[in-house]
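Student: just need the structure, nothing else, for what follows:
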Amino acid sequence: MKRKKRVFLVGNPNVGKSTVFNEITGLHQHTGNWSGKTVDFAKGEYYYKFNDYELIDLPGTYSLLTTSEEERVARDYLCFEPFDCVVCVVDATSLQRNLNLVYQVLELTSKVVVLLNLCDEAKLKNIDIDSTLLEEKLGVPVVRATARSGKGINELLEQIHLISNGVIISKAKKIQYCDEVEAQLERVENALKCTIDSGSHSRFYALRLLENNDSFNKSFCHNFGENILRECPLSCVYSYAIKSLENTEYNGEKLTKHFAFEILKNASSVSEKVIKSLPSKKEKREKILDKILLGKYTSIISMLAILGAVLWITISVSNYPSQLLQDLFNNAESFLASGMLKIGVPEMWVSLIVGGILRVLFWVVAVMLPPMAIFFPLFALLEDFGVLPRIAFNLDGAFEACGACGKQALTTCMGYGCNAVGITGCRIIDSPRERLVAIITNSLSPCNGRFPLLIAVISMFFAHGSFIKALILLSLITLSLLMTFVSSKVLTSTVLKGEKSSFVLELPPYRKPKIASVVADTVREKILFVLARAVVVAAPAGFVIWILANITVGDSSLLSHIADVLDPIGHFIGLDGVMLLAFILGFPANEIVIPIALMAYLSTTEMADYSTLDSLKQIFVDNGWTATTALCTCVFSMFHFPCSTSLITIWKETKSVKWTLMSILTPLLCGVILCAIINLIL
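Tutor: Reported below is the predicted structural model:
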C-alpha cells in the first residue's frame, strides 16, 4: 500500500494560501491545533494520479528567523517534520518581499514549487513576471496562478506530483555568504552529517546554529536530544565555529543581519531581472503618497495633519447629534418623572431613579456615543485605506528607542478612540513584557470620552472656532504621545526590563475603503462594545453620586464635605477639591466630570447641566477658576486614572492586581507631576 504523500503550504500572510488550500482539498479538510500549541492549522487530503496526498497549511510567516508563536510553528514543522514537497505561495504583486521567505525555504530543501499567485492583480498593476527566468534563477519549478478562479491549480498539482515522486530532482540555488561565514558553515554542516540524520536540512540547521538563536536551539535539542550540542564531533566543531566568528565582524546579532542582508540583496536582484513592467498611474499615485506619509521631513507633519483633521471633523460634527440626544433624554426624564409622580411614587425615589441613576446613564450615552460614532469609523477607514499602518511605521523608531515594541504605535492610535479598545488591541504584541508596557501606558492616550471636557474648557478659556480648538487639542495630544514615550522608557528601564523583540510591520497597498462594511464592523465590534461596558457602570455610579449629594452632615452634603477634604491636594496640582472629586466620581465615564463639578459648585441635589459655555464659564470663574486652573484641568483630564471600562479591560487582559494598579498609578503620577509643575510656574 502506497504511503500518503505529505505537502506543506508556506507563504507570507495575505498571499492566498487558504484559497489555494481550499481549491485543492475541497471539502476534505479539517482544522485543529498543533501539538502543544494554541495556533490553529488546516489539514486536508486529495487524490491525484493514483496517489493520496495530505496537504498542511502552515501559519503565515514573513520569515523562518523570527520568534512569534505562529512563525515558530511554521519553522519547526518545516525543519523537523517529514514532507515530500513544499509549496511556497508568493504574491505576484510584491515579489521582492515574498522572495525573502522563498530563499530561506530553499536553504532547507530543493523539493519546492513556487506558486506565483494573484497574477490577475499583478496584471491590473501592469506587472509582468518572467516565470521562466525566475525558475532559472531559483532552480525550482515556478507556476503562475490565480487561485480564486482556479487558474494554475492543475499545473501546480502536476509539479507537486513530479517532485513528490522523484520524477523531477531540482537543484535549488543557495545564497553564498562571505568567506569567513561559509568556512565555518561547512565545518558545522559536515559535523551535523556525522552526528544526526540531517539529510538536505544540514545547511539550514548549520545557519541557525551559527546564529546561536535560543528559540531554534531549544527546538533543535527537543527533536534530536537535549545533549545533542554536547556530542562529538558536533560540540567541538560548533564551539570552534562560534569562537572563530566572535573574532570577526560577523559575531552575534551582526551575523543574523548579514544573513538577512544577503537574502534581501538576492531577492532584490532577482526581482529586478524578472519583473517587466512600467509603473501604472495607480502606482505613481501610491509612490507620491508614500513620499508624503513616509518622507523624512513630511511624515510627522502629515501624521499630525491627518490626526488634526480627524479631531476637527469629530469636534465639528458630534455637537449636533449630541445635542439632539440630550434634548431627547431631557424630554424622556420629564416624561418619566411626571408619570412616576402621577402614580404615587415618592418624590425621593423619583429623584434617585430619574435625577440620579438615569441622568448619569443618559449623559454617558448622549456625550459618548456621537464622538465614538464619528471617530471610530474615521480611524477604521484610515486603516482600511492603508494610512494607519504608515503612521505606526513612523512611530516605530521612537517606541523601539524607548525599549518598547513598534506595534505599540498601533495600540496607542487605537487608544485615541477608546482606551478599552486600545488595551484589547495590545494582544497583537507577542512579547508579554512589551504587551504589559503597551497596556499600562495606553491610558495616556486621551480617548474621545475626554474630548467633551477638553473642548469645553479650551473653548471657554483659550479659543473659539473649530479649527483653533482642534489645533490646541492636537497640541495636547502631542504632549500625551511624548508622555507615552517617557513612561514606556521608565517602565522598560525599571519594573519591566528585558530584551527587545523584533517584528515585521507590513505596509499594505493603498485600497479604496469598503465604507459600508467598515462602518458596520466598527459599530458592532467597537462602538457597541465600549458603550455597553460604560452603561454597565454608569447606573451604579449615578446611584452613588445621588447619595453623596443628598445626604447632609450639618449644613452641607457629603459631596461638599469630601470636596473640602480634597481641597488642599487639589490646589497643589492647580485644581480645587470640587474638580478633584469630580474626576474621582467620574470614574465610570470621563464625560460626566463637568456635570458633577457643577452639581457641587451649585449645591444641587441632582447632576446639573449647563445651557451655554458663557454661563458655564461664569460659574467656574465665580468659584475661583483662572487660566491656570483651566490648563491644569485639561492636563489632568488627559493624565489621570483609567475610566471604569478601561480598568475592567486591563484586569481581564492581565488577570493581575499588580499590573492593574500600575495602570492606575502611571497616568496618575504623570498628571500630578505635570499639573504641579504648571501650577508652580504659572
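
Student: tell me what the longest helix along the chain is packed against?
Tutor: Using DSSP state H, we find that the single longest helix of the chain is helix 299-342. The contact analysis (3 or more C-beta pairs under 8 Å, 6 or more residues apart in numbering; DSSP states H and E) places helix 299-342 against helix 281-293, helix 347-350, helix 359-385, helix 387-401, helix 451-461, helix 466-493. The C-beta positions use only the backbone N, C-alpha and C, and glycine is treated the same way.

Student: so can I have a markdown table of these showing mean pLDDT?
Tutor: Formatted as a markdown table, the helices and strands packed on helix 299-342 follow (pLDDT from 0 to 100):
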| stretch | mean pLDDT |
| --- | --- |
| helix 281-293 | 78 |
| helix 347-350 | 88 |
| helix 359-385 | 77 |
| helix 387-401 | 80 |
| helix 451-461 | 82 |
| helix 466-493 | 87 |
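
Student: roughly how far does the closest residue to K512 other than its chain neighbours sit from P513?
Tutor: Spatial nearest neighbour of K512, excluding adjacent residues (C-beta to C-beta, 6 or more residues apart in numbering): F385 at 7.6 Å. Using C-beta to C-beta, to the nearest Å, one obtains 5 Å as the distance from F385 to P513.

Student: over to S202?
Tutor: 49 Å.

Student: can you check F376 too?
Tutor: 14 Å.

Student: now swap in T314 and tell me
Tutor: T314 sits 18 Å away from P513, going by C-beta to C-beta.

Student: report how many residues lie close to E347.
Tutor: 10 (other C-beta atoms under 10 Å).

Student: so it sits right up against L341, yeah?
Tutor: Yes. Using C-beta atoms under 8 Å, E347 makes contact with L341 at a distance of 6.9 Å.

Student: which neighbours do those two share?
Tutor: Here E347 and L341 share no contacting residue, scored by C-beta atoms under 8 Å, 6 or more residues apart in numbering.

Student: ok, back up a step: F376 and P513: which is more packed in?
Tutor: The residue with more neighbours, out of F376 and P513, is F376; 24 against 18, by other C-beta under 10 Å.

Student: contact partners for that one?
Tutor: 417-418, 421, 522, 526-527 are the contacts of F376 under C-beta under 8 Å, 6+ apart.

Student: out of these, what pair is the most spread apart?
Tutor: Across the contacts of F376, the longest distance by C-beta to C-beta is 11.2 Å; it joins C418 and T522.

Student: neighbour count: these two, which is higher?
Tutor: Using other C-beta under 10 Å, the more surrounded residue of C418 and T522 is C418, with 31 against 23.

Student: how about stretch 391-404 as CSV, C-alpha atoms only?
Tutor: Taking Å, rounded to 0.1, in the frame of the first residue of the first chain, the C-alpha atoms of stretch 391-404 are listed here in CSV:
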residue,chain,number,x,y,z
ILE,A,391,1.5,56.2,10.9
ALA,A,392,2.5,53.2,13.1
PHE,A,393,5.6,52.9,10.9
ASN,A,394,6.6,56.5,11.6
LEU,A,395,6.3,55.9,15.3
ASP,A,396,8.1,52.6,15.3
GLY,A,397,11.6,54.0,15.8
ALA,A,398,10.5,56.1,18.8
PHE,A,399,8.9,53.2,20.6
GLU,A,400,11.9,51.0,19.8
ALA,A,401,14.2,53.7,21.3
CYS,A,402,12.0,53.5,24.5
GLY,A,403,12.6,49.8,24.8
ALA,A,404,9.0,49.0,23.7
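
Student: so what touches it?
Tutor: Contacts for stretch 391-404 (C-beta under 8 Å, 6+ apart): 293-294, 299-300, 303, 306, 405-410, 412-413, 434, 437-438, 485-486, 488-489, 492-493, 500, 505, 507.
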